[in-house]
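> no letters, just coordinates:
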Ligand code: ATP
Ligand code: MG
């Protein structure tokens, strides 16, 4: 049976980098026993222009049959038309909701040739190789909330960090499974010295870990974890945490290597995956053929690993990207001084040549 892959190029540089990603995906599947069916649809600003909504019915219909979604980026100044209008980004939120994804995965790995922009000392930065797994559907962003005023006119507000056992368990299983494909170490991050939701989280980690005796587990409090990410980033393999903590820690981790333009992401749910580079639509360079496609190409590696379960092909894509970089290929955003500057398409060819 073939896997259905829905390709959503989106806006700005989205189509440029997605084209590169699709080429690499097709190349990587040659000689594999995995069969795929791809279909391309509109989302974001382009969908607004054509259908008046950022996630049209035709796209939704395709999504209901999808096993994986490859997304470029959405949005741009053309659609920044002020309050009261539908925005392209609304399509993204609706997309995540439709797919029911609950685990956001962000691998952060150093390329030793690209560490100039890292805030860390080179010898530490080059050892960064971790995966952040962030819970996406619960916690303070989705719990009961209220703003009001008391009898004296004093304003108050609260947001509730609510988690059900099932929400915690399913993201932990995703994280433990991911740890098994890596160095088999899992760091669970919480604030169990203060929060009940964290104490429940910790108990469920203990419970789930009994099914993964091969994975080493440690617990860190989020405040000390924030320090450890900067001081000892090489000590992390898989880091799993709830939504709000994960939002903060994943941005912190993203800057460690200095090459944020190259980071991929996967958002996983039951049997479905959404894959996208972490960068935005970069309207300033759209259509110029100079966008860096590596974030999108590395997202294909994640798609191969987590949705198509061909880990060898995934690793080969990652190694091909590393080799292209090591051999000096640089898109404009990565180039320094006398570097060999290549276009989006040339970078893609370099990656394919090293696959
Ligand atoms: P968003 O709100 O969608 O996240 P943003 O403006 O915050 O958008 P990006 O769209 O990611 O952030 O871009 C910020 C800048 O980084 C862009 O103007 C662009 O110059 C650069 N940039 C981002 N992604 C890439 C890429 N893949 N290749 C080259 N340059 C990029
Ligand atoms: Mg942004």
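Received the coordinates, thanks. Please read all numbers here as calculations on a predicted model, not as lab measurements. Ligands and ions are numbered 1, 2, ... in the order given.

> where's residue 28 relative to residue 313, distance?
Residue 28 is 5 Å from residue 313, where distance means Cβ to Cβ, to the nearest Å. For glycine as for every other residue, the C-beta is placed from the backbone atoms N, C-alpha and C.

> now residue 87
36 Å.

> the more surrounded of those two?
Higher neighbour count among residue 87 and residue 313: residue 313, with 24 against 19, using other Cβ atoms under 10 Å.

> so the more buried one sits right up against residue 29, yeah?
Yes: if you go by Cβ atoms under 8 Å, residue 313 and residue 29 touch, sitting 7.1 Å apart.

> so who does residue 68 touch?
Residues in contact with residue 68 (Cβ atoms under 8 Å, 6 or more residues apart in numbering) are 3-6, 272-275, 303, 307-308.

> one step back: which neighbours do residue 28 and residue 313 have in common?
Common neighbours of residue 28 and residue 313 (Cβ under 8 Å, 6+ apart) are residue 304.

> pLDDT wise, what is the residue in the stretch 251-355 of the chain positioned nearest to ligand 1 at?
Ranked by Cβ to the nearest ligand atom, the top residue of the stretch 251-355 of the chain for proximity to ligand 1 is residue 280, at 2.1 Å. Looking at residue 280, its pLDDT reads 94.

> what's the local residue count around it?
17.

> cool, and residue 94?
17.

> skip the chain neighbours and tell me the closest residue to it.
residue 55 (4.4 Å; Cβ to Cβ, 6 or more residues apart in numbering).

> now residue 316
Closest to residue 316 by Cβ to Cβ, 6+ apart is residue 355, at 5.8 Å.

> and what of residue 35?
Leaving aside its sequence neighbours, residue 35 is closest to residue 2 (4.0 Å, by Cβ to Cβ, 6+ apart).

> hmm, that neighbour is touching residue 37, no?
Yes: at 4.8 Å, residue 2 counts as touching residue 37 under the criterion of Cβ under 8 Å.

> could you chop this protein up by domain?
1-106+259-355, 119-135+167-256 (automatic domain parsing).

> out of these, the one nearest residue 153 is which?
Proximity of these to residue 153 was assessed by Cβ to Cβ; the nearest stretch is domain 1-106+259-355, lying at 27.6 Å.

> tell me the contacts of the residue of the stretch 251-355 of the chain closest to ligand 1?
By Cβ under 8 Å, 6+ apart, the neighbours of residue 280 are 12, 73, 75.

> helix or strand next in line after the lowest-mean-pLDDT helix or strand in the chain, which one?
In the chain, the helix or strand scored least confidently by mean pLDDT, DSSP states H and E is strand 340-341, which has a mean of 85. Next in sequence after strand 340-341, counting helices and strands by DSSP states H and E, comes helix 344-354.

> next, count neighbours for residue 185.
16.

> looking at it, it is touching residue 179, isn't it?
Yes: shown here, residue 185 and residue 179 form a contact pair, counting by Cβ under 8 Å, at 6.5 Å.

> who touches both of these two?
By Cβ under 8 Å, 6+ apart, the residues touching both residue 185 and residue 179 are 215, 237-238.

> just the ones of those residues in strands?
residue 238 (DSSP state E).

> most neighbours among the shared contacts of residue 185 and residue 179, which one?
Most surrounded of these: other Cβ under 10 Å gives residue 238, at 27 neighbours.

> where does the closest residue to ligand 1 within the stretch 51-200 of the chain land in three-state SS?
Residue of the stretch 51-200 of the chain nearest ligand 1, by Cβ to the nearest ligand atom: residue 75 (5.1 Å). When classified by DSSP: H, G, I helix; E, B strand; the rest coil, residue 75 comes out as coil.

> residue 288 and residue 20: what is the separation?
For residue 288 relative to residue 20 (Cβ to Cβ), the value is 14 Å.

> what about those two, which has more around it?
When residue 288 and residue 20 are compared for neighbours, residue 20 comes out ahead with 24 against 13, by other Cβ under 10 Å.

> so what strands line up beside the helix or strand where residue 274 lies?
Per DSSP H and E: residue 274 is located in strand 272-277. Strand 272-277 sits in its sheet next to strand 68-73 (parallel), strand 264-269 (antiparallel), going by DSSP bridges.

> could you single out the most deeply buried of the ones you listed?
strand 68-73 (a mean of 28; mean count of other Cβ atoms under 10 Å).

> mean confidence for it?
98.

> quick one, what contacts residue 136?
96, 101-104, 171, 243, 267.

> now go through those and say which are in helices.
Within the contacts of residue 136, residues falling in helices by DSSP state H are 96, 171, 243.

> please report how far the second one lies from residue 269.
When you say that, I think you mean residue 171. 10 Å.

> what sits in contact with each of those two?
102-103.

> quick one on the thing from earlier: who wins for neighbours among the contacts of residue 136?
Neighbour max across the contacts of residue 136 (other Cβ under 10 Å) = residue 171, 30 neighbours.

> for the residue nearest in space to the middle of the chain, give me its contacts.
The C-alpha lying nearest the average C-alpha coordinate of the chain belongs to residue 265 (Cα atoms, centre = their mean; 1.9 Å). By Cβ under 8 Å, 6+ apart, the contact set of residue 265 is 104-106, 275-278, 299, 302.

> now do 10 Å
71, 104-107, 132, 134, 250, 254, 274-278, 295, 298-299, 302 (Cβ atoms under 10 Å, 6 or more residues apart in numbering).

> that'll do, ta.
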